[in-house]
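Asker: Fold the following.
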Amino acid sequence: MTRWRKTERALVLLAFVAMAWGFFIEPGRLRVHRETVLLKDWPAGLEGLTVAAIGDIHAGAPHMTRAKLRAVVDATNAEAPDLTVLLGDYVIQGVKGGSFIAPEETATILADLKARHGVWAVLGNHDWWLDGERVRRAFNGQGIRVL
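Answerer: This is a model prediction of the structure:
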């Protein structure tokens, strides 16, 4: 077999492994990533503030079931953040292999998030594509403040 043919096969195998990882393994993983941010002129009274940031939940996507969403809430609460921010895209529609979860149900699950300074949210494009005002009402109704 020529060197080019071996390289070609290795690249095809690598592409297959990357696609398998991206579609079947990575979406099912749940991990906490910690990052320390040092800001110039940060108020001394806020030193050590911990913020949990959660985004692109897409509840109902193949790897984001109700049970997985509850696991996200539990993992976040285990970190005992001072503030939790939700960064949009809580819903997804029409995804193959998924099952629509209403924003009211998602908000009910996310309402179990605990943070000393509260839980704050913004809406993402998927939320607006469904019905941004409906998502806002669902979250506000559960005590999650939507900016």
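
Asker: C-alpha only now, for contacts and for neighbours.
Answerer: Will do.

Asker: ok but residue 120 is inside a strand, no?
Answerer: Yes: assigned with DSSP: H, G, I helix; E, B strand; the rest coil, residue 120 falls within a strand.

Asker: How about it: which residues does it bridge to?
Answerer: Listed by DSSP bridges, the beta-bridge partners for residue 120 are residue 85, residue 145.

Asker: quick one: contacts for it?
Answerer: 84-86, 144-147 (Cα atoms under 8 Å, 6 or more residues apart in numbering).

Asker: Please, a PyMOL command that selects the buried ones among those residues?
Answerer: In PyMOL, this line selects whichever of the contacts of residue 120 come out buried by 16 or more other Cα atoms under 10 Å:
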select buried, resi 84+85+86+144+145+146
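
Asker: Would you mind reformatting the contacts of residue 120 (as JSON lines) and adding columns for distance to residue 13 and pLDDT while you're at it?
Answerer: As requested, the contacts of residue 120 are exported to JSON lines (distance: Cα to Cα, whole Å; pLDDT from 0 to 100):
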{"residue": "84", "distance to residue 13": "40", "pLDDT": "98"}
{"residue": "85", "distance to residue 13": "39", "pLDDT": "98"}
{"residue": "86", "distance to residue 13": "37", "pLDDT": "98"}
{"residue": "144", "distance to residue 13": "45", "pLDDT": "97"}
{"residue": "145", "distance to residue 13": "47", "pLDDT": "97"}
{"residue": "146", "distance to residue 13": "45", "pLDDT": "98"}
{"residue": "147", "distance to residue 13": "46", "pLDDT": "96"}
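
Asker: Please identify which of the contacts of residue 120 is nearest to residue 105.
Answerer: Proximity of these to residue 105 (Cα to Cα) peaks at residue 144, which lies at 13.2 Å.

Asker: chain center to the one helix or strand in the chain whose mean pLDDT sits lowest: distance?
Answerer: Every helix and strand of the chain was ranked by mean pLDDT, DSSP states H and E. The lowest is helix 3-20, at a mean of 81. Averaging C-alpha positions (Cα atoms, centre = their mean, to the nearest Å) puts helix 3-20 31 Å from its chain's average.

Asker: Check stretch 32-51 too.
Answerer: 21 Å.

Asker: and if you look at stretch 101-120?
Answerer: Centre-to-centre, stretch 101-120 and its host chain are 12 Å apart (Cα atoms, centre = their mean).
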